[in-house]
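>>> predicted model, plus sequence, below.
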Amino acid sequence: ADDADVVKRLETDGYGGYAATNHDVKAVEYFIRLHLPDEDTQGPWVHFGLTSEDVNNLAHRLCLGPAVTDVLVPAIRELRDALADDARRHRDLPMLARTHGQPATPTTYGKELAVYAARLGRALGRLEAATAGLSGKLAGASGTYAAHRAAYPDVDWRAFSESFVESLGLEHAGLSTQVNPCDDLASVFDALRGVNNVLRDLDLDMWLYVSDRYLGQEAKAGETGSSTMPHKVNPIDFENSEGNLTKANSDLTFLADYVTTSRLQRDLSDSTVKRNVGAALSHCLIGYRKAAAGLEKVTPNAALMREDLEANPEVIGEAVQTILRREGDTDAYERIKELTRGERATLSDFRDLFEETSPSSS
């Protein structure tokens, strides 16, 4: 914190014999000079041949890469594993499905969680691939190595740049303007949005299952669900996750769209925009943690799920008409449609239909 304060003073007020720079990277350069054993002879080599973007593009990626791989990816992986474990645990728990909000062919609670575990795994793979593709440039004020070659024409500056950038664990962006084209950053932001969209979908479904009482929630002692309705246990973790992931995606969409453009060889509008990357990642992390907390609190209500299945026997219509068609009944779909569409069919209705269509009845 003390060092950061000195850098800021170098930028805005001046410090240590240097006048105010009104330039953040130049302030960092002077800060480094102040800490050299021999400032007079070593100082001129600090920031030699560089433009600010040579420094910033590498620094941003060296911050973003570990933030994703060391913080966000483990949180996402834990969520995926928790979903997979719950999917296996409840693989045989029957549950009424709903398509378009209406009762539909039954499923199992475990299978529905497995869908999210698989989707999240694929989204995680895309995020890891995008992060591994982060790239850096070190090519001067307009990407031509012009000053470098003017000072040392016999040095293979492109090879030097490639070697240095790759030593930082980044791919080398061999062609650039002053700015490293930020398509790689946009790919990471888009991949994060993909992860978040899967989890927002999960949050919405879990919220609806809680609302339908298919899922019960663990009530914590002393916790208030509502300031006026004492009986309530609200699905606040899923709601919190949904809100944070929606906010994150708004920011990530803006960032991915904005950072990939720069007027001609350079403009500074992206500089202030990139200062918001950390906030977007923070909303991601909160969303992941809250989704995980919500999953830990819910327990399937197997009895109610079974009651709902028994109360909606018409949902076996898909299987029935498919079997009848297999047996040569060309009007099977129409028969089941007449019996069930907009109606509350019973198991007795289906038994009567079976009697009508059985070989013995003819």
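In hand now; what should we look at?

>>> shaky segments in this protein?
219-233, 358-362 (pLDDT under 70).

>>> where is the longest helix in it?
helix 183-211 (DSSP state H).

>>> could you pull out the buried residues of it?
By 16 or more other Cβ atoms under 10 Å, the buried positions in helix 183-211 come out as 184-196, 198-200, 202-203, 205-207, 209-210. Bear in mind the C-beta positions are built from the backbone N, C-alpha and C, glycine included.

>>> now do the same contact list for the spatially closest residue to residue 49 that is not a sequence neighbour.
Distance criterion Cβ to Cβ, 6 or more residues apart in numbering; nearest residue to residue 49, sequence neighbours excluded, is residue 148 at 4.8 Å. Contact analysis of residue 148 by Cβ atoms under 8 Å, 6 or more residues apart in numbering lists 49, 140, 155, 157.

>>> which ones among the residues you listed map onto helices?
Per DSSP H, the contacts of residue 148 map to helices at residue 157.

>>> can you say which of the contacts of residue 148 are buried?
49, 140, 157.

>>> and the contacts of stretch 347-358?
Residues contacting stretch 347-358 (Cβ under 8 Å, 6+ apart): 313, 316, 320, 324, 329, 335-336, 339, 361.

>>> okay if I get the residues you listed as CSV plus neighbour count?
Shown next, in CSV, are the contacts of stretch 347-358 (neighbours: other Cβ atoms under 10 Å):
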residue, neighbour count
313, 17
316, 18
320, 19
324, 19
329, 15
335, 17
336, 24
339, 18
361, 8
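
>>> make CSV from the residues you listed and add secondary structure and distance to residue 8 to it.
Shown next, in CSV, are the contacts of stretch 347-358 (DSSP: H, G, I helix; E, B strand; the rest coil; distance: Cβ to Cβ, whole Å):
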residue, secondary structure, distance to residue 8
313, helix, 71
316, helix, 70
320, helix, 74
324, helix, 78
329, coil, 81
335, helix, 78
336, helix, 73
339, helix, 76
361, helix, 90
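
>>> show the backbone phi and psi for residue 263.
phi -60, psi 120 (degrees, to the nearest 10).

>>> so how far is residue 269 from it?
For residue 263, the distance to residue 269 equals 8 Å [Cβ to Cβ, to the nearest Å].

>>> same deal with residue 323?
In terms of Cβ to Cβ, residue 323 sits 64 Å off from residue 269.

>>> ok, now residue 43?
31 Å.

>>> residues near residue 37, how many?
Residue 37 has 6 neighbours, counted by other Cβ atoms under 10 Å.

>>> checking my notes, it in a strand, right?
No - looking at residue 37 with DSSP: H, G, I helix; E, B strand; the rest coil, it is coil, so not inside a strand.

>>> check contacts around residue 40.
Contacts of residue 40 (Cβ under 8 Å, 6+ apart): none.

>>> I misspoke; the intended subject was residue 161.
Residues near residue 161 by Cβ under 8 Å, 6+ apart: 137-139, 145, 172.

>>> repeat for residue 170
Neighbouring residues of residue 170 by Cβ under 8 Å, 6+ apart: 58, 61-62, 65, 134-136.
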